[in-house]
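Visitor: from the sequence below, what's the structure:
(2 chains)
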Number of protein chains: 2
Amino acid sequence: MAETNRQLQIAELPTDKLSAQHFTMAEAPVPSPGEGEVLARTLLLSLDPANRAWMQGATYRAALNAGQVMAGFTLGRVIESNHSDFAPGDLVEGDGGWQDYFCLPGKRLNKRAPREPLTHLMSALGVTGNTAYYGMAGIGKPQSGETVVVSAAGGATGSVAGQIAKLAGARVVGVAGGPEKCARVVDELGFDDCIDYREANLFPALKEACPNGVDIYFDNVGGTTLEAALFRMNLHGRIICCGVVSQYDTANPSPGPRGVPGLLVTKRLTMQGFLVGDDPALVEEGQQKLSQWVDDGSLTVIEDVVEGLENAPAGLVGLLAGENFGKRMVRVSD
Amino acid sequence: MAETNRQLQIAELPTDKLSAQHFTMAEAPVPSPGEGEVLARTLLLSLDPANRAWMQGATYRAALNAGQVMAGFTLGRVIESNHSDFAPGDLVEGDGGWQDYFCLPGKRLNKRAPREPLTHLMSALGVTGNTAYYGMAGIGKPQSGETVVVSAAGGATGSVAGQIAKLAGARVVGVAGGPEKCARVVDELGFDDCIDYREANLFPALKEACPNGVDIYFDNVGGTTLEAALFRMNLHGRIICCGVVSQYDTANPSPGPRGVPGLLVTKRLTMQGFLVGDDPALVEEGQQKLSQWVDDGSLTVIEDVVEGLENAPAGLVGLLAGENFGKRMVRVSD
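Guide: Now for the predicted structure:
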């Protein structure tokens, strides 16, 4: 066991684009778990667009501040436990942050059954996979023959959400950045089509790719893509609001999309925001389905693993620039 | 029976604010009903903010054009019928337009039972009353103790929607224009509070008027009011999108509200647009409830009747400026 706990702290909150210089590496003693607490070695650290949103201010969690260890979702192995639910060697996940070791109250940890490869616990069977199931299967409920559009289609959540809609028999059109990524969305993930938002005018491109209109739009990005989808929605369409990655890494978030609320009225649309976890039974259902689909090969799992805690800042910056394909995470230790 | 049918035609579509000069009075022969058609004398003509929206382009109906008789919802008395469901003397409602007589296929008309006063068939028991019930009781479903905000609270729909929420036991806060109208919303309609959007900064004003946040926002206006409400919504709040009157009478509609879709995600909000009539059973339920509430005095009906077809243009212009209190309509004949 290492003597010190490397921690990536927030050196300074970004006012515009995030860079690796907003973080600084520090060392602290490996903590000792107090009463009810559990100490774990970090195995995998999740990188998510939401990490950047947390630096903008309060969201569903308190705002982050300079001097804090950067927050992040982690999978770890228990080293020492003062909580009866956990024993050394157990796999646990929680809000462990960007560090080699995390020490949290047992009630804030979730035990995971081992799985090969371990990375699946953080991708298709982790928070982003759960989120995709929750939003697409639980809220969107795509029907056979419907047209479903998914933005950030090559991302951790979008890649799974679109495949879930395909499994339900829908026509699925992705929106992603760059020709290579779009090709992979179609070839590797099985989407019916994928629009390159960097090249295309989204309004005519969506019209061409969705000749029967859009029944469900699974929105990971907000902004112009949301606006273009709004104008292409069918009557009684559903927009599932999962994330707003286009507005996280900027000092000047755009105003809301045109068409809100006018198009919602005339087309009788529903826009629904959600966070995974509001309905634990739905998460449980999702875990069962996702495991089954991964096991039987009907869900393709795409991962993008960055090696080493020290590379987490660059990894997050790159994620926000859209350089990843599939779920990006950091392998902190084996 | 008059020899001619006065018709208010669209002289020119407005490019910015609507004025009476956008209409011109013409005379045409009183039409003869063809096969399956019904001729009716116009008794009451509904004035609605949506009339102006129809002049902006296609909505849930085709765009209006210069040279057409202005569209509007009417209540009439049958003079001559070539449809077996209707007989002379019957009361009928439909899309009759701004004219002394309307001639429509019977299948596009709805028969109404006589009622005193007749104006109630166009206010609390007409489309706007139905709309209020449909959106508030059918979609919003306010619960006792919840906080409900209603914009255009002194308008035809808002005045009824807020009272429905009061009857459900909610705390109801209106938003309206001008101190006199706000006072009437509280004193005559029984709202708990009413904010004057012309005077107040809506963000702090909503905070003060809604110390426990907002559970349901019934939106008739869009724009800044919607934006302020979004920032005050409680977790899992519902926004019912009924209309967008702030954006109808202008050449430059505002961009959408900040907070879409970001706040929808973090607060898990649902925004739902609707048009009355998508669920006929709900409309029927609403008619029964509204009639009962009007009869037993638990619903206050506020009407604003303009006398004479020739005053319809000024009546609509004034409605868009917010000069009405309650349901504005034109009495075309007795």
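Visitor: wait, a helix at residue A:290?
Guide: Yes: the assignment for residue A:290 (DSSP: H, G, I helix; E, B strand; the rest coil) places it in a helix.
Visitor: so what's the closest residue to it other than its chain neighbours up against?
Guide: Spatially, and ignoring its direct neighbours in sequence, residue A:290 is nearest to residue A:129 (5.2 Å; C-beta to C-beta, 6 or more residues apart in numbering or on different chains). Glycine gets a C-beta too; all of them are placed from N, C-alpha and C. Neighbouring residues of residue A:129 by C-beta atoms under 8 Å, 6 or more residues apart in numbering or on different chains: A:123, A:156, A:157, A:160, A:286, A:290.
Visitor: element containing residue A:129, please.
Guide: For residue A:129, the enclosing helix or strand under DSSP states H and E is helix A:127-132.
Visitor: remind me what the following helix or strand past that helix packs against, helices and strands.
Guide: Using DSSP H and E, the helix or strand that follows helix A:127-132 in sequence is strand A:147-151. Secondary-structure packing of strand A:147-151 (3 or more C-beta pairs under 8 Å, 6 or more residues apart in numbering or on different chains; DSSP states H and E): helix A:156-167, strand A:171-176, strand A:214-219, helix A:223-232.
Visitor: avg pLDDT for strand A:147-151?
Guide: Averaging pLDDT along strand A:147-151 yields 98.
Visitor: show residues contacting that strand.
Guide: Looking at strand A:147-151 with C-beta under 8 Å, 6+ apart, the contacting residues turn out to be A:136, A:140, A:142, A:158, A:161-162, A:165, A:170-176, A:191, A:197, A:206, A:210, A:212-221, A:225-226, A:229, A:232, A:234.
Visitor: nearest residue to the residue nearest to the spatial centre of chain A other than its sequence neighbours?
Guide: Nearest residue to the geometric centre of chain A (C-alpha atoms, centre = their mean): residue A:128, 4.4 Å. In this structure, residue A:128 finds its nearest non-sequential neighbour in residue A:156, 3.8 Å apart by C-beta to C-beta, 6+ apart.
Visitor: contacts only, for that neighbour.
Guide: A:48, A:123, A:128, A:129, A:324, A:326, A:327, A:328.
Visitor: try residue A:238
Guide: A:139, A:140, A:215, A:216, A:217, A:269, A:270, A:271, A:272.
Visitor: flag the shaky bits of chain A, pLDDT-wise.
Guide: Applying pLDDT under 70 to chain A flags the ranges A:1-2.
Visitor: could you rerun that using 80?
Guide: Applying pLDDT under 80 to chain A picks out residues A:1-3.
Visitor: hang on, the earlier thing: nearest to residue B:71, of the contacts of residue A:156?
Guide: Distance to residue B:71 across these (C-beta to C-beta) is lowest for residue A:128, with 49.0 Å.
Visitor: near chain B, which residues of the stretch 101-250 of chain A?
Guide: Along the stretch 101-250 of chain A, the residues adjacent to chain B under the rule C-beta under 8 Å from any C-beta of the partner chain are A:219, A:222, A:226, A:227, A:236, A:239, A:241, A:242, A:243, A:244, A:247.
Visitor: biggest separation within these, which pair?
Guide: Farthest pair in these (C-beta to C-beta) is A:236 and A:247. Separation: 27.1 Å.
Visitor: which one's more surrounded, those two?
Guide: Higher neighbour count among residue A:236 and residue A:247: residue A:247, with 21 against 13, using other C-beta atoms under 10 Å in any protein chain shown.
Visitor: of all of the stretch 101-250 of chain A, which residue lies closest to chain B?
Guide: Among the residues of the stretch 101-250 of chain A, residue A:241 lies nearest to chain B; the distance is 4.1 Å by C-beta to the nearest C-beta.
Visitor: what residues does that residue make contact with?
Guide: A:219, A:271, A:272, A:273, A:274, B:261, B:264, B:265.
Visitor: among those residues, which one sits closest to residue B:4?
Guide: Of all those, residue A:271 has the smallest distance to residue B:4: 49.2 Å, by C-beta to C-beta.
Visitor: perfect, I'm done here.
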